[in-house]
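Peer 1: I would like the atomic coordinates for the input below:
(chains A and B)
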Amino acid sequence: MANSRFVYVIYIRSTPEKLWQGLIDPAFTRQYWAETWQDCAWKPGASWKLMIPDGRIGDSGEVVICEPHKKLMLTWRNDFMPELAAEGYSQLTYELEQAGESVKLTLTHEMNRPDSKLIDAVSQGWPHILSSLKSLVETGESLAETRKWPEGH
Amino acid sequence: MTLHTVTYALHIRCTPLDVWKALTEDAFIQQYWGGEWRMDSTWTAGAPLHIYMRDGKLYSTGTVLEAVPGEKLVHTWPEPDAPADATHERLTWTIVPSGHGTVKLALLHENISEKYAGSVREGWTSILSSFKSMLETGQVLSFFERQPQTEGASHG
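Peer 2: This next block holds a predicted model:
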């Protein structure tokens, strides 16, 4: 099948409980994910929105799977860049597994279309965002350049 | 025979030269590889790169193809007893500053044989996660720390 798929794995010195909170809690995401936060009830079927600090919706979808501390799957459509929005819904999955005193975090972002521009765009962004999450969890400070929403976007 | 390519990238709060030292200095290499591999080279273009296994035996000798401290390192990682005309595994490390005291480290690992592709892909994610922890916190991830040597314990 002609899918577009991006997979990224990173190990973070943490517990699944703490890392789960890092993935969903606005107090954490604002620090490593460009001031964004997620508006969601975190249960299957709930709507999900990634909120840009100026009040716009960046991306949206709904929760497909929510197994706290283990697995989270969302549908995900870009809402603020017309070219990407036109592609419709992608699917994002986070999986967390204990690995010694670390957690193996596996992110899979995929879409049922070849050469997706959305998947191409996020494949540049995720390593930076998840590197910053790792820094935040392990050192208490996210990477500086990931802390602010980029001006003009 | 199909040869595979593995890529990985991550962002680290340190200087480009910190990354360079961690890639080339034995004291760092031993830490994030957990002693699995050791490397010895002058890390200049054309220089040999001796790759040693955990037990200290020589695994193979590769070649440094490009070496620009703080920017780019390209070297081979041959399989032992590879024929002279074999296509060796080749690693390209690119270090790019991203402004705010952070660098992006990108790895392109090419010419990987089918039998190693899965373990190489999986392996780099943990090795380089540990590499970042070492540079930012001074400690590699715990599952790479060596087992403590218990004095007087019998092994074997």
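
Peer 1: In the chain, where is pLDDT below threshold?
Peer 2: Defaulting to chain A. A:1-2 (pLDDT under 70).

Peer 1: That was the other one, I meant chain B.
Peer 2: B:143-156.

Peer 1: near chain A, which residues of it show up?
Peer 2: Contacts of chain B with chain A, taken as Cβ under 8 Å from any Cβ of the partner chain, map to B:9-13, B:98-102, B:104, B:122, B:125-126, B:129-130, B:132-133, B:136-137, B:141-143. Quick note: C-beta positions are derived from backbone N, CA and C, even for glycine.

Peer 1: rerun that using 6 Å as the cut-off
Peer 2: B:9-11, B:13, B:98-100, B:102, B:125-126, B:129, B:136-137, B:141-143 (Cβ under 6 Å from any Cβ of the partner chain).

Peer 1: Please, a PyMOL command that selects the buried ones among the residues you listed?
Peer 2: Selection of buried members from the residues of chain B next to chain A for PyMOL, criterion 16 or more other Cβ atoms under 10 Å in any protein chain shown:
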select buried, chain B and resi 9+10+11+13+102+125+126+129+136+141
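
Peer 1: Could you list which of the residues of chain B next to chain A belong to helices?
Peer 2: Using DSSP state H, the subset of those located in helices is B:Thr125, B:Ser126, B:Ser129, B:Glu136, B:Thr137.

Peer 1: Just the closest of those to A:Gly152, please.
Peer 2: B:Glu136 (30.0 Å; Cβ to Cβ).

Peer 1: Run through the residues that contact that closest one.
Peer 2: Going by Cβ atoms under 6 Å, 6 or more residues apart in numbering or on different chains, B:Glu136 touches A:Thr139, B:Arg13.

Peer 1: And it, how far from B:Asp40?
Peer 2: 26 Å (Cβ to Cβ, to the nearest Å).

Peer 1: show me where chain A has strands.
Peer 2: For chain A, the strands defined by DSSP state E occupy A:4-12, A:37-40, A:47-51, A:57-67, A:71-78, A:90-99, A:102-111.

Peer 1: of the ones in helices among the residues of chain B next to chain A, closest to A:Glu62?
Peer 2: For these, the nearest to A:Glu62 is B:Thr125 (29.1 Å; Cβ to Cβ).

Peer 1: residues near the spatially closest residue to A:Phe6 that is not a sequence neighbour, how many?
Peer 2: Setting aside the residues directly before and after it, A:Phe6 is nearest to A:Ser123 in space (Cβ to Cβ, 6 or more residues apart in numbering or on different chains), at 4.1 Å. By other Cβ atoms under 10 Å in any protein chain shown, 17 other residues sit near A:Ser123.

Peer 1: go on, A:Asp25?
Peer 2: 12.

Peer 1: List phi and psi for it.
Peer 2: phi -80, psi 120 (degrees, to the nearest 10).

Peer 1: Distance from stretch A:101-111 to the middle of the chain?
Peer 2: 10 Å (Cα atoms, centre = their mean, to the nearest Å).

Peer 1: Buried ones in that stretch, by neighbour count?
Peer 2: Buried, per 16+ other Cβ under 10 Å, within stretch A:101-111: A:Ser102, A:Val103, A:Lys104, A:Leu105, A:Leu107, A:His109, A:Glu110, A:Met111.

Peer 1: Which secondary structure state does the residue nearest the centre of chain B sit in?
Peer 2: Central residue of chain B (Cα atoms, centre = their mean): B:Leu23, 6.4 Å from the mean position. Of the three states, B:Leu23 takes helix under DSSP: H, G, I helix; E, B strand; the rest coil.

Peer 1: in chain A, what residue is nearest chain B?
Peer 2: A:Gly100 (3.2 Å; Cβ to the nearest Cβ).

Peer 1: Return the distance of that residue relative to A:Thr15.
Peer 2: From A:Gly100 to A:Thr15 the distance is 12 Å (Cβ to Cβ).

Peer 1: same thing with A:Ile129?
Peer 2: 20 Å.

Peer 1: just to revisit the earlier point, quick one: closest of the strands of chain A to A:Thr29.
Peer 2: Of the strands of chain A, nearest to A:Thr29 by Cβ to Cβ is strand A:37-40, at 5.4 Å.

Peer 1: The longest helix along chain A packs against which elements?
Peer 2: Ranked by residue count, the top helix of chain A under DSSP H comes out as helix A:117-139. Here helix A:117-139 touches strand A:4-12, helix A:26-32, strand A:102-111, strand B:4-12, helix B:114-137, going by 3 or more Cβ pairs under 6 Å, 6 or more residues apart in numbering or on different chains; DSSP states H and E.
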